[in-house]
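# Prediction below, plus the sequence it came from.
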Amino acid sequence: MQPILSVKNVSKTYASGFSALKAIDLEIRKGEILALLGPNGAGKTTLISIVCGIVTASEGSVTVDGHDIVGDYRLSRSLIGLVPQELTTDAFETVWDTVSFSRGLFGRAPDPAHIEKTLKALSLWDKKDNRIRTLSGGMKRRVMIAKALSHEPQVLFLDEPTAGVDVELRRDMWQLVRELRATGVTIILTTHYIEEAEEMADRIGVITKGQLLLVEDKTELMRKLGKKQVTLVLQDAAAEVPAALRDYELALSPDGTELTYTYDTRSEARGIVDFMKHVNDAGIPYKDLRTRQSSLEDIFVSLVEGGKQ
Ligand SMILES: Nc1ncnc2c1ncn2[C@@H]1O[C@H](COP(=O)(O)OP(=O)(O)OP(=O)(O)O)[C@@H](O)[C@H]1O
């Protein structure tokens, strides 16, 4: 199947000489949610801005549903909706007028039924006649999403959709994004919240210093890079790792009371069951046991740290 969005060898060097993106290749499938993770200044907004035609790439090409974003600007741009980081709305306009006007900007004929459906889906219907400035921060964000959806795009970019938003509203936004996906919209979001990516994304891209370190299915990423740990709290402090367990890579805490076995989730054969059998066969007394699985956050931090070297 043709990807809905295809980024090929895209680089960006700003006029200052700063190289913000380096040879990015990325293909996005129709109907998926892709989360782009990366520290501040990694190049996420630059990438989104190139796809949306706000920033010009220094090299490379981008197509949206097969249409080149430079050669076929109007058509490709009309297939994209962008919810930028900053709120950009006219404070004195009403919700209805703002959203309807946005649709017109893309050359689309007025369609009050679509605007009504969008406002209802975003719980903005009862605010349609309110001026934007009278809305809460969360409502303003919803208006930004409604604007981005006003021309019925196939791809929606959400640049940090929940930055500075309270926990409850964040959960509402996540629900909303899932509902949008269910209607067939492809969603690309950038975020600093690992939890958000873990919760929402089908695939995760990690970008740092202008380079795309990886793009991977979320569960696969967690399976491949995730580690599990089991820690035994020993009955009696040990001076060294017990001889019977030398085949395992174990860490003994400095006070000799905790023995930790770290294993990657792929090698299940040497996983916890096998290990515990050896512990019991060797008759090593322990009084407690803790297990821990690395989170996406651990994985992300180690990737980004690795990228710094
Ligand atoms: N117009 C510009 N001229 C020069 N440098 C720029 C310009 N716009 C962005 N940059 C630089 O490019 C780099 C990438 O910025 P970008 O906004 O794409 O990062 P980001 O990953 O979106 O970061 P954040 O998470 O902080 O939003 C940064 O170092 C930034 O200072």
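Cool, got the structure.

# make it CA atoms for all contacts and neighbour counts henceforth
OK.

# For this protein, what lies in contact range of the ligand?
14, 16, 18, 20, 39-46 (C-alpha under 6 Å from any ligand atom).

# what ranges do the strands span in the stretch 1-150 of the chain?
With strands called from DSSP state E, counting those that start in this stretch, the stretch 1-150 of the chain shows them at 5-13, 19-28, 33-37, 59-64, 67-68, 80-83.

# can these go into CSV with extra columns for mean neighbour count, distance to L212 and mean pLDDT?
Formatted as CSV, those follow (neighbours: other C-alpha atoms under 10 Å; distance: least, C-alpha to C-alpha, whole Å; pLDDT from 0 to 100):
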stretch, mean neighbour count, distance to L212, mean pLDDT
strand 5-13, 20, 11, 97
strand 19-28, 18, 6, 95
strand 33-37, 24, 9, 93
strand 59-64, 20, 15, 96
strand 67-68, 19, 21, 95
strand 80-83, 23, 21, 93
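
# From the centroid of the chain, which residue is nearest?
Geometric centre of the chain, nearest residue: A35, 2.3 Å, by C-alpha atoms, centre = their mean.

# and the closest residue to K127 other than its chain neighbours, what is it in contact with?
Closest residue to K127 in three dimensions, ignoring its sequence neighbours and counting by C-alpha to C-alpha, 6 or more residues apart in numbering: V95, at 6.9 Å. Neighbour list for V95: 127-132, 143 [criterion: C-alpha atoms under 8 Å, 6 or more residues apart in numbering].

# with the residues you listed in mind, which one is nearest to the ligand?
V143 (20.7 Å; C-alpha to the nearest ligand atom).

# wait, isn't the closest one in contact with V99?
Yes. Judged on C-alpha atoms under 8 Å, V143 makes contact with V99 at a distance of 7.4 Å.

# So for those two, which residue has more residues nearby?
When neighbours are counted by other C-alpha atoms under 10 Å, V143 comes out ahead of the other of V143 and V99, with 29 against 26.

# How about that one, nearest residue that isn't a chain neighbour?
Nearest non-adjacent residue to V143, counting by C-alpha to C-alpha, 6+ apart: V95, 6.9 Å away.

# Distance-wise, check that neighbour relative to the ligand.
27 Å (C-alpha to the nearest ligand atom, to the nearest Å).

# for V304, same thing?
With C-alpha to the nearest ligand atom as the criterion, V304 and the ligand are 13 Å apart.

# any idea whether that residue is helix, strand or coil?
helix (DSSP: H, G, I helix; E, B strand; the rest coil).

# Am I right that N9 is in contact with E59?
Yes. Applying C-alpha under 8 Å as the test, N9 and E59 come out as touching, 7.0 Å apart.

# Where does the record place the domain boundaries for this protein?
Split into domains by automatic domain parsing, the chain comes to 5-222, 227-293.

# Could you identify which of these is most buried?
Looking across the domains of the chain with neighbours counted as mean count of other C-alpha atoms under 10 Å, the highest average goes to domain 5-222: a mean of 18.

# Please work out which residue of the stretch 201-309 of the chain is closest to the ligand.
Closest to the ligand within the stretch 201-309 of the chain is G210: 7.1 Å, counting by C-alpha to the nearest ligand atom.

# ok, that residue - contacts?
Contacts of G210 (C-alpha under 8 Å, 6+ apart): 19-22, 42-43.

# give me phi/psi at it?
Backbone dihedrals for G210, given as degrees, to the nearest 10, come out at phi 80, psi 0.

# do you know how far it is from T262?
G210 sits 32 Å away from T262, going by C-alpha to C-alpha, to the nearest Å.

# and what of Y14?
Counting by C-alpha to C-alpha - Y14 and T262 are separated by 44 Å.

# Does the longest helix seen in the chain pack against any helices or strands, and if so which?
Ordering each helix of the chain by length in residues (DSSP state H) puts helix 167-182 first. Helix 167-182 sits against helix 194-200, with contacts defined as 3 or more C-alpha pairs under 8 Å, 6 or more residues apart in numbering; DSSP states H and E.

# Other residues contacting the helix it packs on?
So helix 194-200 is contacted by 33, 35, 37, 174, 178, 191, 204, 218, 296-297 (C-alpha under 8 Å, 6+ apart).

# The same query, at a cut-off of 10 Å, please.
The set of residues external to helix 194-200 that reach it, using C-alpha atoms under 10 Å, 6 or more residues apart in numbering, is 33-38, 161-162, 170-171, 174-175, 177-178, 189-191, 193, 203-205, 218-219, 222, 295-298, 300.

# Now the common contact residues for N9 and E59.
With C-alpha under 10 Å, 6+ apart, N9 and E59 have common neighbours 21-24.

# any chance you could map the helices in the stretch 51-200 of the chain?
73-78, 95-105, 112-121, 137-149, 167-182, 194-200 (DSSP state H, counting those that start in this stretch).

# Off-centre distance for the second one?
Average the C-alpha atoms of helix 95-105, do the same for its chain, and the two points are 28 Å apart (C-alpha atoms, centre = their mean, to the nearest Å).
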